[in-house]
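Peer 1: this one's structure only:
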Ligand code: NAD
Ligand code: ZN
Ligand code: ZN
């Protein structure tokens, strides 16, 4: 059995162990991928902390924004070739036959497998993909630059569609981290006008560089009053923030009839004022990653030059420092693990 280096969660809340780990063998319908780059998503931090009600089982390898080259095919794989560039995703695989899968809602499949959560992910030199669900990387893509789009990109692209905000209307992007900074770009590319909200001025400056027209700091001030004053409330709000207070604030940022979409997943709850929701006719919905078709569309925006993630390359050996920086809001855009370092 050959070995590789991987960052392994052995116990929730402890440092990941960067150690020898066996290279997996592709089963039927799977491919073995030599990883070139992997984005680090805040979900990896939730996974390593065991933050959510449904927990992964240590030991496991996080990472669901991995890009690499197919090295070996399992039995029966027809749609991928050795040498081809592919990616893993949070939606690593699904059953393909349940009501959700049949109706275009494979992201809700109860049998789904999650990359870097219920199956090992891209924080290792090799990973497996399910050939039917692997993301196909467009020709000419920079593997490090496109990596953040495999989760952050597809997730916010899908969520922005779910806000039903039309070209020329206003959307608030609350939380300008890995997800939010690409959300600003997708929203602009989709013709929306963007208000960015975060608790750090450097994040707001990043949002402005990516096309936000208005940027508001929510630290110690509810930005809803300013949004009301400047534009009379937003048509839609997308919350990618990692603090529950942003979820409650979203309700008062919205104009009548508005749609609020939640992507962020901090543990916790938020106040939901019944009177405001009913009288303003608001819709509040959750949105989880995107389907394979959403992935194709999200990556096509990149291929057309409309999305340029802000990212910093780091070696896998830095993973614990990177997760610590993420927890303290110190990352600009995304960190992408570079396996050539
Ligand atoms: P990140 O750490 O890169 O960014 C989080 C951002 O939230 C930071 O910019 C931070 O300053 C900001 N923030 C913190 N408190 C805030 C507040 N009160 N108001 C406004 N902004 C605030 O994280 P990320 O990788 O972008 O992930 C964000 C969240 O989305 C995580 O909870 C992650 O698990 C979740 N996520 C969900 C999906 C999905 O499909 N629903 C997919 C990927 C990630
Ligand atoms: Zn299914
Ligand atoms: Zn993610």
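Peer 2: Okay, I see it. Since we're looking at a predicted model, the values are computed, not measured. Ligands and ions are numbered 1, 2, ... in the order given.
Peer 1: quick one: contacts for whatever residue of the chain ends up closest to ligand 1?
Peer 2: Closest to ligand 1 within the chain is residue 177: 1.7 Å, counting by Cβ to the nearest ligand atom. For the C-beta atoms, the positions are set from N, CA and C on the backbone; glycine is no exception. Applying Cβ atoms under 8 Å, 6 or more residues apart in numbering to residue 177 gives the contacts 42, 198, 203, 240, 241, 242, 329, 331, 333.
Peer 1: repeat that with 6 Å
Peer 2: Applying Cβ atoms under 6 Å, 6 or more residues apart in numbering to residue 177 gives no contacts.
Peer 1: other SSEs contacting the host helix or strand of residue 229?
Peer 2: For residue 229, the enclosing helix or strand under DSSP states H and E is helix 224-231. Other helices and strands packing on helix 224-231, by 3 or more Cβ pairs under 6 Å, 6 or more residues apart in numbering; DSSP states H and E, are helix 245-253.
Peer 1: so after the helix it packs on, what's the next helix or strand?
Peer 2: Following helix 245-253 toward the C-terminus (DSSP H and E): strand 254-262.
Peer 1: what angle separates the next helix or strand after the helix holding residue 229 from strand 254-262?
Peer 2: Going down the chain from helix 224-231, the next helix or strand is strand 234-239, by DSSP H and E. Strand 234-239 runs at 30 degrees relative to strand 254-262, counting by axes from the mean of the first three to the mean of the last three Cα atoms, to 10 degrees.
Peer 1: follow-up on the earlier one: average pLDDT for the helix holding residue 229?
Peer 2: If you average the pLDDT over helix 224-231, you get 96.
Peer 1: do it and ligand 1 meet?
Peer 2: No: judged by Cβ under 6 Å from any ligand atom, helix 224-231 makes no contact with ligand 1; its nearest approach is 11.9 Å.
Peer 1: so what touches that helix?
Peer 2: Contact partners of helix 224-231, identified using Cβ under 6 Å, 6+ apart, comprise 170, 216, 249, 252, 253.
Peer 1: per-domain residue ranges of the protein.
Peer 2: Domain ranges of the chain: 3-151+290-338, 153-286, per automatic domain parsing.
Peer 1: now the end-to-end length of the first one.
Peer 2: When the termini of domain 3-151+290-338 are compared using Cα to Cα, to the nearest Å, they are 19 Å apart.
Peer 1: then the last one?
Peer 2: End-to-end span of domain 153-286 (Cα to Cα): 16 Å.
Peer 1: quick one: is that domain near ligand 3?
Peer 2: No: using Cβ under 5 Å from the ion, domain 153-286 never reaches ligand 3; the gap is at least 6.6 Å.
Peer 1: the stretch 151-300 of the chain: strands as residue ranges?
Peer 2: Per DSSP state E, counting those that start in this stretch, the stretch 151-300 of the chain carries strands over the ranges 170-174, 193-198, 214-217, 234-239, 254-262, 283-286.
Peer 1: as JSON lines, those with distance to residue 318 and mean neighbour count would be great.
Peer 2: Converted to JSON lines, the strands of the stretch 151-300 of the chain look like this (distance: least, Cβ to Cβ, whole Å; neighbours: other Cβ atoms under 10 Å):
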{"stretch": "strand 170-174", "distance to residue 318": "28", "mean neighbour count": "30"}
{"stretch": "strand 193-198", "distance to residue 318": "24", "mean neighbour count": "26"}
{"stretch": "strand 214-217", "distance to residue 318": "29", "mean neighbour count": "20"}
{"stretch": "strand 234-239", "distance to residue 318": "29", "mean neighbour count": "29"}
{"stretch": "strand 254-262", "distance to residue 318": "30", "mean neighbour count": "20"}
{"stretch": "strand 283-286", "distance to residue 318": "32", "mean neighbour count": "14"}
